[in-house]
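Student: Model the following, please.
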Amino acid sequence: MKEAAGEANMTVITIILIGVIAAIAIPLVTSLMSNTARRTCCTDNGGVWKGNTCTEGSNNQSLFNQSAYEQCVKDANA
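Tutor: Below you'll find the model as predicted:
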C-alpha cells in the first residue's frame, strides 16, 4: 500500500512540474513567435528592424511601405 501511495505522489509531482514548465514556456514561445512575425513583415515590406521597431532603410532607395507592414502584422496576430 505504501508503494502505491508513493507512486501516486510522484504522479502528482510530475503533473505539477509539467504545468509549471508549460506556464513558463508558452508565454515565452508566443512572444518569440510574435517578434519573429513582426521582423519578417518589416523586412518583407522594405523596412529595417532596429531597436524593436521597423524603420525605413538608411539609403534613399528603400521602398518601405508602412501601411503594408501594419496590415501584415495585423494579419499575423489574427
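Student: mind checking the SS state of F64?
Tutor: Under DSSP: H, G, I helix; E, B strand; the rest coil, F64 falls in the coil class.
Student: looking at it, it is touching D44, isn't it?
Tutor: No. Counting by Cβ atoms under 8 Å, F64 stays clear of D44, with 10.7 Å between them. Backbone N, C-alpha and C define where each C-beta goes, glycine included.
Student: Longest helix in the chain, please.
Tutor: Longest helix in the chain by number of residues, with DSSP state H as the criterion: helix 2-44.
Student: Contacts only, for the closest residue to E56 other than its chain neighbours.
Tutor: Take E56 and drop its neighbours on the chain: the residue closest to it by Cβ to Cβ, 6 or more residues apart in numbering is F64, 4.2 Å away. Applying Cβ atoms under 8 Å, 6 or more residues apart in numbering, one finds that F64 lies in contact with N45, G46, G47, V48, C54, T55, E56, G57.
Student: if we go to 6 Å?
Tutor: Neighbour list for F64: G46, G47, E56 [criterion: Cβ atoms under 6 Å, 6 or more residues apart in numbering].
Student: Just the buried residues of those.
Tutor: G46, G47 (16 or more other Cβ atoms under 10 Å).
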